[in-house]
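Novice: Next input, structure requested:
(one chain, ligands or ions: 1)
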Amino acid sequence: MHVSFNLAADLDPALKSAALAAGLPDAAAFTPEIRTADPKHGDFQANGTLGFAKARKLNPRAVAEQIVTALPASIRESYDVSIAGPGFINFTLKPAMLLAWLRAYSTPAALTAGAASAHAGQTWVVDYSSPNTAKQMHVGHLRSAVIGEAICRLLTFTGAKVIRDNHLGDWGTQFGKLIYGFKRWADPVALATDPIEELERIYKLGHAATPDDSPELDEARRELVALQNGDPESVALWKKFSDVSLAAFQQIYDRLGIRFDYNLGESFYNDKVGRVYSELLGTKIAEDSAGALVVFHDEHPRFSRNTERPNPFMVRKADGASGYASTDLATALYRTEHFGAHGIVVVTDFRQGDHFEQLFLTVKKWFAAKHYRLPELHHVTFGAVTGEDGKALKTRDGGTIKLKALLDEAEERAFAIVTEKNPDLPESERRDIARAVGIGAVQYADLSQNRSSNYVFSWDKMLALDGNTATYLLYAVTRLHSIFRKLNLPAGDTAQESAASPLETSAELTLARKLAKFPDAIRLAADSLRPHFLCLYLYELAGEFSAFYTSDKVAVDEAPVRARRLLLCSRTLLTLETGLHLLGLRTITRM
Ligand code: ARG
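Specialist: Residues are numbered from 1 along each chain as shown. Here you go, the predicted model:
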């Protein structure tokens with residue numbers, strides 16, 4: 001029996017060839033439209049017969065019947081096939097097929113090998129986190145990091161070579177004021193103990209000391225020009241700012257399981273914007289506007305020159321300076337040429353929507369004019385982080401919440417919960433569990449909500465032991481580990497699993513069906529770049545497992561029954577762990 005990882009994907013070509021074999025008129029145009037079915041009707045459903053038949057004035061039920069009769073033997077071997085309603089074709093996996101699937105996908109490596117197809121061999125650059133240097137990361141930096149990392153892992157799982165690129169905001173006018181302040185007020189002791197805190201303090205002083213139209217501001221501007229002209233002392237200072245910033249960021253990234261391949265910040269593109277200017281001018285995509293270089297998109301209602309308040313894409317400012325748009329244009333070209341990107345994903349707050357819409361429109365015209373290969377361009381946006389009152393999340397005195405403090409609090413709160421549940425574990429172990437649970441709770445709460453909505457931050461909800469939370473799922477994982485611990489058996493022991501008898505009870509079959517839908521959930525999450533689809537699946541899977549565990553005893557005497565139930569336990573464990581790792585969480589074996 002042939003079993004591919006993504007069962008739904010197999011049905012599509014089988015139905016197309018059945019339509020041809022049945023000799024339907026215009027059969028080559030038939031698209032089966034395979035969907036995951038409502039479990040009441042089966043596992044998968046083909047909806048395409050309806051539209052196909054209607055457009056050709058055929059009877060949809062008759063068309064469905066003809067296709068079903070012509071289905072290849074392999075499909076009939078694996079599925080019970082029925083026709084429902086006006087002509088839907090329903091496919092229900094046979095128990096033997098379910099068992100074969102569970103046997104075939106028994107290790108993380110098998111799952112990965114099976115999943116690799118959608119993006120196989122492609123290179124995807126993912127630009128996420130990307131904070132500005134010389135400032136601490138705060139709660140507003142959480143989502144890009146967490147969502148971006150999950151997307152990297154999902155794309156890797158589906159076969160892509162992923163390049164993680166931290167596009168640091170490490171260039172701009174603020175460095176004039178920072179250097180100005182640094183030269184006057186830097187405190188070496190503070191710089192050694194908490195460098196970023198100190199840089200923030202210095203910047204505030206520098207900013208306050210250089211009001212508009214003051215001679216001090218002129219001095220700060222001279223510092224900026226010196227930096228831009230490569231003055232060694234200024235460049236050394238600036239380099240120091242970047243280094244201490246990255247070191248501080250990395251402490252946060254370590255806690256979130258993030259490691260970048262590149263930190264190519266805005267400054268990296270300083271010497272690459274000249275080519276952007278000349279090519280956009282040469283192709284007449286950009287035009288001069290009072291000394292500035294701008295791009296209008298006249299086909300677009302908001303970016304056209306014919307609007308009340310024109311809002312062009314500012315490729316070069318009137319004073320000759322580059323900016324966010326210039327570097328992002330150079331970045332798109334670099335990622336295409338240097339990394340050979342097939343896809344580029346940038347993860348930021350929804351408020352940058354206009355910028356990326358203009359950027360992508362410009363890149364498309366530019367690459368077409370120059371005959372450059374155009375990668376897929378995706379701006380992955382997310383909503384704000386708010387408190388339960390719907391307002392921006394702030395400290396009690398109205399300040400911004402530092403990301404470090406937020407993660408510390410998550411671990412502390414999780415430690416209290418773990419200690420209450422399991423006071424006898426040694427403290428070091430409780431601390432380790434609390435790290436996984438606390439950080440996992442923050443990550444999962446972010447990922448489990450549709451990213452387009454605001455992320456409503458609630459400690460009580462994210463740490464709850466019930467509901468669609470990390471705590472619940474991590475607990476389910478530990479419960480599965482304890483089943484194997486108690487029986488003194490390893491999970492996924494194939495020798496013992498080979499004794500399994502065919503799946504029988506309805507709880508067994510329901511759980512097995514859910515397990516075989518893992519590829520569907522991955523595909524949905526990876527293709528839409530929306531990790532919450534995977535979260536929802538894992539939550540439902542944990543629920544099916546609970547139902548199974550309540551109704552069917554695992555450690556029964558009858559060896560073949562016990563073997564098949566242990567097989568279900570070990571695949572549930574594998575799937576939950578694999579899924580949680582794909583989301584960036586760390587799993588634990590006891591809690
Ligand atoms: N540094 C920017 C910010 O803090 C985000 C950069 C996102 N990436 C990009 N290629 N523009 O808002």
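Novice: Could you find the closest non-adjacent residue to the residue nearest to the spatial centre of the chain?
Specialist: Central residue of the chain (Cα atoms, centre = their mean): residue 151, 2.4 Å from the mean position. Spatial nearest neighbour of residue 151, chain neighbours left out: residue 529 (5.5 Å); criterion: Cβ to Cβ, 6 or more residues apart in numbering. C-beta: built from backbone N, CA, C; applies to glycine.
Novice: Please report the distance of the one you found from residue 440.
Specialist: 21 Å (Cβ to Cβ, to the nearest Å).
Novice: who has more neighbours, these two?
Specialist: residue 440 (27 against 19; other Cβ atoms under 10 Å).
Novice: didn't the more buried one look like it was pressed against residue 588?
Specialist: No - applying Cβ atoms under 8 Å as the test, residue 440 and residue 588 come out as separate, 9.0 Å apart.
Novice: between the two, what contacts are shared?
Specialist: residue 474 (Cβ atoms under 8 Å, 6 or more residues apart in numbering).
Novice: Using just helix, strand and coil, how would you label residue 35?
Specialist: Secondary structure assignment for residue 35 (DSSP: H, G, I helix; E, B strand; the rest coil): strand.
Novice: since we're on it, how many residues are nearby?
Specialist: Neighbour tally, residue 35, other Cβ under 10 Å: 14.
Novice: Same check on residue 459?
Specialist: Neighbours of residue 459 (other Cβ under 10 Å): 16.
Novice: Which pLDDT value belongs to it?
Specialist: Note on residue 459: pLDDT of 96.
Novice: now residue 1
Specialist: On the pLDDT scale, residue 1 gets 67.
Novice: so residue 352 sits in a helix?
Specialist: Yes - under three-state DSSP, residue 352 sits within a helix.
Novice: Not counting sequence-adjacent ones, nearest residue to whatever residue of the stretch 401-550 of the chain ends up closest to the ligand?
Specialist: Nearest residue of the stretch 401-550 of the chain to the ligand: residue 403, at 13.2 Å (Cβ to the nearest ligand atom). Leaving aside its chain neighbours, residue 403 sits nearest to residue 137 (4.2 Å; criterion: Cβ to Cβ, 6+ apart).
Novice: Please report how far that neighbour lies from the ligand.
Specialist: Note on residue 137: its distance to the ligand, by Cβ to the nearest ligand atom, to the nearest Å, is 10 Å.
Novice: Could you verify my assumption that that residue touches residue 400?
Specialist: No - with contact defined as Cβ under 8 Å, residue 137 does not count as touching residue 400 (10.1 Å).
Novice: Can you name the residues of the chain sitting close to the ligand?
Specialist: Of all the residues in the chain, those in contact range of the ligand (Cβ under 6 Å from any ligand atom) are 127, 130, 131, 132, 167, 169, 328, 331, 346, 348.
Novice: quick one: which of these sit in strands?
Specialist: The strands in this structure, assigned by DSSP state E, contain 127, 346, 348 from those.
Novice: Most neighbours among the residues you listed, please name it.
Specialist: Going by other Cβ under 10 Å, residue 346 tops these with 26 neighbours.
Novice: What pLDDT does the model give the closest residue to that residue other than its chain neighbours?
Specialist: Distances taken as Cβ to Cβ, 6+ apart put residue 127 closest to residue 346, at 4.4 Å, once the chain neighbours are dropped. pLDDT, residue 127: 98.
Novice: so what's residue 127 bridging to?
Specialist: residue 165, residue 346 (DSSP bridges).
Novice: got the contact list for it?
Specialist: Residue 127 neighbours (Cβ under 8 Å, 6+ apart): 148, 165, 166, 167, 331, 344, 345, 346, 347.
Novice: Throw those residues into CSV and include pLDDT, thanks.
Specialist: Converted to CSV, the contacts of residue 127 look like this (pLDDT from 0 to 100):
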residue, pLDDT
148, 98
165, 98
166, 98
167, 98
331, 98
344, 98
345, 98
346, 98
347, 98
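Novice: ok, these vs residue 55, which is closest?
Specialist: Distance to residue 55, by Cβ to Cβ, is smallest for residue 345 among those, at 36.3 Å.
Novice: The closest one - how many residues pack around it?
Specialist: Residue 345: 23 surrounding residues under other Cβ under 10 Å.
Novice: Contacts only, for it.
Specialist: Counted by Cβ under 8 Å, 6+ apart, residue 345 has contacts 124, 125, 126, 127, 128, 148, 151, 155, 378, 380, 529.
Novice: cool, residue 411 as well?
Specialist: 431, 434, 435, 438, 439.
Novice: so which of these comes closest to residue 99?
Specialist: residue 439 (36.9 Å).
Novice: which SSE is that closest one in?
Specialist: helix 427-448 (DSSP states H and E).
Novice: Whatever helix or strand comes next after that helix: how far from the chain's middle?
Specialist: Following helix 427-448 in sequence order, the next helix or strand is strand 455-456 (DSSP H and E). Chain-centre distance of strand 455-456: 17 Å, with Cα atoms, centre = their mean, to the nearest Å.
Novice: Please apply the same query to stretch 67-85.
Specialist: That offset, for stretch 67-85, works out to 36 Å (Cα atoms, centre = their mean).
Novice: Can you list the low-confidence ranges for the stretch 1-150 of the chain?
Specialist: The stretch 1-150 of the chain contains residues with pLDDT under 70 at 1.
Novice: got the residue ranges for the helices in it?
Specialist: Along the stretch 1-150 of the chain, counting by DSSP state H, counting those that start in this stretch, helices occupy 7-21, 48-55, 60-69, 73-78, 95-104, 108-115, 142-157.
Novice: For this protein, which residues score under the pLDDT cut-off?
Specialist: Applying pLDDT under 70 to the chain flags the ranges 1.
Novice: quick one: the strands in it?
Specialist: Applying DSSP E to the chain gives strands spanning 34-36, 44-46, 79-84, 88-93, 123-127, 161-165, 287-289, 292-295, 313-316, 343-349, 376-382, 385-386, 455-456.
Novice: Report all helices and strands that the second one contacts.
Specialist: So that's strand 44-46. helix 7-21, strand 34-36, strand 88-93 (3 or more Cβ pairs under 8 Å, 6 or more residues apart in numbering; DSSP states H and E).
Novice: deepest of these, which one?
Specialist: strand 88-93 (a mean of 22; mean count of other Cβ atoms under 10 Å).
Novice: Report the distance from that strand to the chain centre.
Specialist: For strand 88-93, the distance to the chain centre is 31 Å (Cα atoms, centre = their mean).
Novice: now swap in stretch 118-134 and tell me
Specialist: The answer for stretch 118-134 is 10 Å, by Cα atoms, centre = their mean.
Novice: List the contacts of the nearest residue to residue 195 once chain neighbours are set aside.
Specialist: Nearest residue to residue 195, sequence neighbours excluded (Cβ to Cβ, 6+ apart): residue 244, at 3.9 Å. Applying Cβ under 8 Å, 6+ apart to residue 244 gives the contacts 191, 195, 196, 199.
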